[in-house]
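Asks: Here is a sequence together with a model predicted from it:
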Amino acid sequence: MAKTLKYEKVIVSALMGFAGLLSAAAVQAEEISRGSVIAATCYTCHGTFGNSTGSMPTLAGITGNRMKTMLMEFKGKKRASTVMARHASGYSDEELADVANYFGKLQKRGD
């Protein structure tokens, strides 16, 4: 009987540890914002974390409000672009606000 109780404690401890890992993974998953996921699609042209190394503009360091205005202007075809109007039109206003806020929190490389 005592041996069975010992195994039950081991199993309960293992399950609690597993549950702790799952909750830690859930917390980590919640830390990934929708803005950061959408922003990852911008990295191909605008550089990793919005720090361009080429002729494309650097996005990191632009305030969230300014970025949102620019994205909304692209979406509404009020701002000249080659491809940005097509990209921006694929997102809702809320999604554009999320990505703008994400980039607004990043600093330019070297800052």
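Replies: Received the coordinates, thanks.
Asks: So which bits of stretch 69-76 are buried?
Replies: M70, L71, M72, E73, F74, K75 (16 or more other Cβ atoms under 10 Å). Quick note: C-beta positions are derived from backbone N, CA and C, even for glycine.
Asks: Repeat that for stretch 93-101.
Replies: Buried residues in stretch 93-101, counted by 16+ other Cβ under 10 Å: E95, L96, A97, D98, V99, A100, N101.
Asks: a markdown table for the buried residues of stretch 69-76, including secondary structure and distance to Y43?
Replies: Conversion of these to a markdown table gives the following (DSSP: H, G, I helix; E, B strand; the rest coil; distance: Cβ to Cβ, whole Å):
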| residue | secondary structure | distance to Y43 |
| --- | --- | --- |
| M70 | helix | 17 |
| L71 | helix | 16 |
| M72 | helix | 21 |
| E73 | helix | 22 |
| F74 | helix | 17 |
| K75 | helix | 20 |
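Asks: out of those residues, what pair is the most spread apart?
Replies: The widest separation within these, taken as Cβ to Cβ, falls between M70 and K75 and amounts to 9.8 Å.
Asks: now the helices for this structure?
Replies: 2-30, 34-39, 43-46, 64-75, 84-88, 93-104 (DSSP state H).
Asks: Let me know how buried M56 is, in neighbour terms.
Replies: If you count neighbours by other Cβ atoms under 10 Å, M56 ends up with 13.
Asks: can you check I32 too?
Replies: 9.
Asks: where's it relative to M72, distance?
Replies: Taken as Cβ to Cβ, to the nearest Å, the spacing of I32 relative to M72 amounts to 24 Å.
Asks: ok, now which ones touch I38?
Replies: When contacts are counted by Cβ atoms under 8 Å, 6 or more residues apart in numbering, I38 is found next to Y91, E95, D98, V99, Y102.
Asks: Who are the contact partners of the closest residue to P57 other than its chain neighbours?
Replies: Nearest non-adjacent residue to P57, counting by Cβ to Cβ, 6 or more residues apart in numbering: H46, 6.8 Å away. When the contact criterion is Cβ under 8 Å, 6+ apart, the partners of H46 are S52, M56, P57, T58, L59.
Asks: Which positions within stretch 53-62 qualify as buried?
Replies: Of the residues in stretch 53-62, those scored as buried under the neighbour-count criterion (16+ other Cβ under 10 Å) are T58, L59, A60, G61, I62.
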